[in-house]
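Student: this is a predicted model, with the sequence first.
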There are 2 protein chains.
Amino acid sequence: MKDGAEIAEVMAGIGARARAAAAELAFAAPEAKRAALGAAADTVMARQAEILEANAQDMATAEARGLSAAMTDRLRLDAGRVAGIAAALRAVAAQPDPVGQVMAEWDQPSGLNIRRVRTPLGVVGVIYESRPNVTADAGALCLKAGNAVILRGGSESFQSSTALHGCLLEGLAAAGLPQDAVQMVPTRDRAAVAEMLRMVEHIDVIVPRGGKGLVGLVQAEARVPVFAHLEGICHVYVDAAADPEKARRVVLNAKTRRTGICGAAECLLIHEDVAEGLGAALVADLVAAGVEVRGCPRLQHLPGVVAASDDDWGREYLDSIIAAKVVADVDATIAHIRRYGSSHTECILTEDDAAAERFFQRLDSAILMHNASTQFADGGEFGLGAEIGIATGKMHARGPVGAEQLTSFKYLVTGDGVIRP
Amino acid sequence: MKDGAEIAEVMAGIGARARAAAAELAFAAPEAKRAALGAAADTVMARQAEILEANAQDMATAEARGLSAAMTDRLRLDAGRVAGIAAALRAVAAQPDPVGQVMAEWDQPSGLNIRRVRTPLGVVGVIYESRPNVTADAGALCLKAGNAVILRGGSESFQSSTALHGCLLEGLAAAGLPQDAVQMVPTRDRAAVAEMLRMVEHIDVIVPRGGKGLVGLVQAEARVPVFAHLEGICHVYVDAAADPEKARRVVLNAKTRRTGICGAAECLLIHEDVAEGLGAALVADLVAAGVEVRGCPRLQHLPGVVAASDDDWGREYLDSIIAAKVVADVDATIAHIRRYGSSHTECILTEDDAAAERFFQRLDSAILMHNASTQFADGGEFGLGAEIGIATGKMHARGPVGAEQLTSFKYLVTGDGVIRP
């Protein structure tokens, strides 16, 4: 299936079937969707051997191609990870069903009763890389929100994803829901991705999950709306009025708990009044934890600090490295973040509520934290259940994107033969 | 100012100034925005003579160019319309301020308190045609929601819009808000529109207000997200269980109250069981009211009915014409609307709640009505105050777009030094 015209035809067929399935799914009973996800989880557990066998094939191909250790780690499944996939399916099944929820209801003097109710978005396209579990997570969240989904995973994980997709299909069949609700692109050809990005008739939103290369490509090329974050350049600001003990605990956690996730801190901003005392202690903590601290000139005298270059501001390391800078005050911090931030997550450490309020009011990142670790930027930690990603755009979905964020709404208006004067 | 490169430069400057103003407006005090709108309304009344003089110049140019009567009517201002513009500014001023509203708040077991609060979208671009009042309405709604706005009105209304824009600037100055919050494109050159549609760095959303030609162009060309409806092809379905008296009242109102608005009914679908009785009476009412009824073969024997062609299904007349068709039942109606509708507004007339529920559940138009006229599809009638248009997309804003719909949100998270395990 190498021919461009042929791929366009295949994708158009997938799109049309997704659109038709979405029209049915939009009013599927909550119990049916729950049953489908439960049956899919059962199938994942029952087919564990098959799934691991498929994954072994992907791993062998990946190793033959010389993929990086980080990439093969993301690709690898074992019994624990397979059980985790089944558990995630059951967790989504157990969430409240967003579709049909009345978001607001009011009466007008004209005699109209107006309800704003949640509806599915329609068809979601998910483009991802090597993690096979995204197949199950994304499929489950889209289904929960009544959307049909078109999954396009990385070519590295094709066999694993196909095996997991089979489990989702089994779940749909068990619940009497249309099989076309969860489709997987049946080719590794990259032309299929380009096609998805242009399918405005058949896809309502694209969710890219992966590195900066993938997300940047999708954002640049897509004609379909996109829910995405390109980078998580998270800042932590230590105010003059920070509680030293809280600050030391939070800064260390924000940087080191996991360095490879989008909510990891990448830049530490320290109020000049506390740079020598608390600031030096924070830097020492980070250095002791094995973090490379790239400091501004005012921090370079501290043990273990290397000199930051201009490129270090606004940089996403996703590694055991942090940029650190002394700033004049909260306003200088706000200016720095506006210039270098990526509208993902920023934190202020302070006991001064006015400073925290100013930080909350004058920054417009999707998530702003006060005295809490940026590593909490996560749908599960927000109580939204599973998430399909963190959106940093301003339109529609922002922050963790769970089932509820994959919905739209409509107005239902009831009268008693009322006419407009 | 004819040179493309020069226009690109001018627009980039406008965009950069709008972005800077938006950063300030985002935390402007509600009273300041209210004061600006009140002062703008006062200025409109004080400058009535100037505004009418500017409008007279536009009218003279329009007449010299031979613009249609409908177009010159939209362009024309008189003392009453100027007073209406001032009243609309005061009405927006009196609305509750959406920015900072807490949409949801909850606590997590980890110790986090999470608030989801409304924030402005940023910079809104409004592209419209000959109605000068859009200058004031759009400017006011964007300002209310804390957004900077770039206004690009039709070249026909350039002088009138400039005069009204001056009143808005006066209001901003009186309230100490940045003048760049409401900017008007200073050229009639159409290249400025093309530029706006591509300014993804500087404009967060484009709102086109005008006919199908303008909206279609914007939707096809824009790289910036768009809130728009292309057409309002509103359907009214008369069920077998319709109350005849309500049905006659609503159908007549839905078609004839005003034929040129997007909420006007364009297609009447009649259940076959009542086609001969109630259906014939509805058709007679419409014919008596001077409406041209284009009927399917099963209605063509009725007095005054002309034969509908295939082109009449899914057509927006915006005139005293209606398409009419006999259908088998509510499911046939749903199928017809899915095929020919424009996702704007549809109405079911019935006393059968199960039929109404099916219609509400299985259709996904922005607005669905039960026993109420489609002419209620309006922000004022929904209690949203003024509106900038009716959106039929599924993303972000749907239905009437008022100040609240011109907002986004962010999460504010507060802890007490809490870290993620």
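Tutor: That came in fine, so what should we check first? Numbers count the residues shown, from 1 in each chain, chains lettered A, B, ... in the order given.

Student: using the three-state scheme, assign the closest residue to chain B within the stretch 151-300 of chain A.
Tutor: Nearest residue of the stretch 151-300 of chain A to chain B, counting by Cβ to the nearest Cβ: A:Lys246, 2.9 Å away. Backbone N, C-alpha and C define where each C-beta goes, glycine included. Assigned by DSSP: H, G, I helix; E, B strand; the rest coil, the conformation of A:Lys246 is helix.

Student: the closest residue to A:Arg339 other than its chain neighbours: which element?
Tutor: Of all residues not flanking A:Arg339 in the chain, A:Gly314 sits nearest, at 7.4 Å (Cβ to Cβ, 6 or more residues apart in numbering or on different chains). A:Gly314 belongs to no helix or strand when assigned by DSSP states H and E.

Student: follow-up on the earlier one: give me the number of residues near the residue of the stretch 151-300 of chain A closest to chain B?
Tutor: For A:Lys246, the neighbour count with other Cβ atoms under 10 Å in any protein chain shown is 20.

Student: ok, now A:Val134?
Tutor: With other Cβ under 10 Å as criterion, A:Val134 counts 26.

Student: now do the contacts for it.
Tutor: For A:Val134, the contacting residues are A:126, A:128, A:153, A:209, by Cβ atoms under 8 Å, 6 or more residues apart in numbering or on different chains.

Student: the closest residue to the residue of the stretch 151-300 of chain A closest to chain B other than its chain neighbours in helix, strand or coil?
Tutor: Leaving aside its sequence neighbours, A:Lys246 sits nearest to B:Gly417 (Cβ to Cβ, 6+ apart; 2.9 Å). In three-state terms, and counting by three-state DSSP, B:Gly417 is strand.

Student: how close does B:Gly417 sit to A:Ala288?
Tutor: Distance from B:Gly417 to A:Ala288, counting by Cβ to Cβ, to the nearest Å: 20 Å.

Student: show me which of the two is the more surrounded one.
Tutor: It is B:Gly417, of B:Gly417 and A:Ala288, that has more neighbours when counted by other Cβ under 10 Å, with 19 against 11.

Student: I'd say that one and A:Met369 touch.
Tutor: No. Under the criterion of Cβ atoms under 8 Å, B:Gly417 makes no contact with A:Met369, lying 11.2 Å away.

Student: one step back: state the number of residues packed around the residue nearest to A:Arg339.
Tutor: A:Gly314, neighbours per other Cβ under 10 Å, totals 18.

Student: longest helix anywhere in chain A?
Tutor: Using DSSP state H to assign secondary structure, the helix with the most residues in chain A is helix A:4-25.

Student: so the helix or strand that it is followed by versus helix A:4-25, what angle?
Tutor: Using DSSP H and E, the helix or strand that follows helix A:4-25 in sequence is helix A:30-46. Interaxial angle of helix A:30-46 relative to helix A:4-25 (axes from the mean of the first three to the mean of the last three Cα atoms, to 10 degrees): 130 degrees.

Student: what are the buried residues along helix A:30-46?
Tutor: A:32-44 (16 or more other Cβ atoms under 10 Å in any protein chain shown).

Student: ok, residues contacting the longest helix of chain A?
Tutor: So helix A:4-25 is contacted by A:1, A:33, A:120, A:122-123, A:143, A:146-150, A:177-181, A:183, A:185-187, A:189, A:191-192, A:195-196, A:199, A:201-203, B:338 (Cβ under 8 Å, 6+ apart).

Student: now it: mean pLDDT?
Tutor: For helix A:4-25, mean pLDDT is 94.

Student: next one: that helix to chain centre, how far?
Tutor: Centre-to-centre, helix A:4-25 and its host chain are 25 Å apart (Cα atoms, centre = their mean, to the nearest Å).

Student: CA atoms of it as PDB?
Tutor: Provided in PDB are the C-alpha atoms of helix A:4-25 (Å, rounded to 0.1, in the frame of the first residue of the first chain):
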ATOM      1  CA  GLY A   4      -0.500   8.000  -2.300                       C
ATOM      2  CA  ALA A   5      -3.800   7.900  -4.100                       C
ATOM      3  CA  GLU A   6      -4.500   4.500  -2.700                       C
ATOM      4  CA  ILE A   7      -3.700   5.700   0.900                       C
ATOM      5  CA  ALA A   8      -6.000   8.700   0.400                       C
ATOM      6  CA  GLU A   9      -8.700   6.300  -0.600                       C
ATOM      7  CA  VAL A  10      -8.100   4.000   2.400                       C
ATOM      8  CA  MET A  11      -8.100   7.000   4.800                       C
ATOM      9  CA  ALA A  12     -11.300   8.400   3.300                       C
ATOM     10  CA  GLY A  13     -13.000   5.100   3.800                       C
ATOM     11  CA  ILE A  14     -11.800   4.900   7.400                       C
ATOM     12  CA  GLY A  15     -13.000   8.500   7.900                       C
ATOM     13  CA  ALA A  16     -16.500   7.900   6.500                       C
ATOM     14  CA  ARG A  17     -16.900   4.800   8.600                       C
ATOM     15  CA  ALA A  18     -15.700   6.700  11.700                       C
ATOM     16  CA  ARG A  19     -18.200   9.500  11.000                       C
ATOM     17  CA  ALA A  20     -21.100   6.900  10.700                       C
ATOM     18  CA  ALA A  21     -20.000   5.100  13.900                       C
ATOM     19  CA  ALA A  22     -19.800   8.500  15.700                       C
ATOM     20  CA  ALA A  23     -23.400   9.200  14.800                       C
ATOM     21  CA  GLU A  24     -24.400   6.000  16.500                       C
ATOM     22  CA  LEU A  25     -22.100   6.300  19.500                       C
END
